[in-house]
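Trainee: need a structure here:
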Amino acid sequence: MNTLTLNEKLFRESVPPGGLCIDATAGNGHDTAMLCKLAGPNGRVIAFDIQTQAVENTRKRLAEQGLGNAEVILDSHANMGSYAQAGTVDFIVFNLGWLPGGDHTVFTHGDSTVAAINAGLELLKNGGRISLSIYYGGKSGYEERDTLLEYLARLDPDRYTVLLTRFYNRTGDVPISAVIIKGT
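Mentor: Now for the predicted structure:
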């Protein structure tokens with residue numbers, strides 16, 4: 001059991017056929033592809049990344065798998081509110097940190113991630129979910145982790161449920177998984 005297997009289970013439980021999903025950090029396109037498959041041909045996926053390489057990698061992966069129900073956008077996840085209407089999104093996924101195999105000097109930051117989560121919460125349907133995989137360590141990870149954990153603790157419990165999963169008996173900078181559910 002690891003963060004990836006937890007995420008896959010959450011994806012399968014959260015994405016309805018025909019649903020609208022957002023991959024806030026497209027990376028190499030693995031999550032985008034899975035969301036496309038789960039949402040199906042009548043669904044839609046919007047994927048964001050700030051790195052040209054990530055956008056290209058994601059588009060290539062989708063093309064190789066014949067998945068045409070995604071729009072991959074070179075833009076910050078903080079701007080996702082410009083690409084979907086409030087109350088229409090079923091599921092949003094964030095894999096935080098840096099692009100695997102990419103430039104490790106480019107990484108997500110707490111301030112833009114909090115802005116993106118705020119935008120995502122407005123976009124979610126009631127009962128919709130946000131999945132966060134918080135990879136930390138290195139130059140920025142601790143700052144982002146601490147910012148996010150403080151932010152998540154302050155979310156209004158009358159509007160959101162926040163679940164946090166840690167692999168408590170593992171050593172090192174083990175990723176933290178969080179889920180925000182809109183509605184109580």
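Trainee: which SS state does N126 fall under?
Mentor: What DSSP: H, G, I helix; E, B strand; the rest coil gives for N126 is strand.
Trainee: per-residue pLDDT, it?
Mentor: N126 carries a pLDDT score of 97 in this model.
Trainee: and it, how many neighbours?
Mentor: 10 (other CB atoms under 10 Å). Glycine gets a C-beta too; all of them are placed from N, C-alpha and C.
Trainee: what sits against it?
Mentor: Contacts for N126 (CB atoms under 8 Å, 6 or more residues apart in numbering) come out as G87, K182, G183.
Trainee: Show me which of the residues you listed are buried.
Mentor: Burial by neighbour count, judged by 16 or more other CB atoms under 10 Å, picks out K182 from the contacts of N126.
Trainee: any idea which of the contacts of N126 is closest to R12?
Mentor: K182 (18.9 Å; CB to CB).
Trainee: show me the contacts for that closest one.
Mentor: L121, L124, K125, N126, G127, G128, R129, R159, Y160.
Trainee: Let me know whether the third one touches G87 as I believe.
Mentor: Yes. Because the distance of 5.7 Å satisfies CB atoms under 8 Å, K125 is recorded as touching G87.
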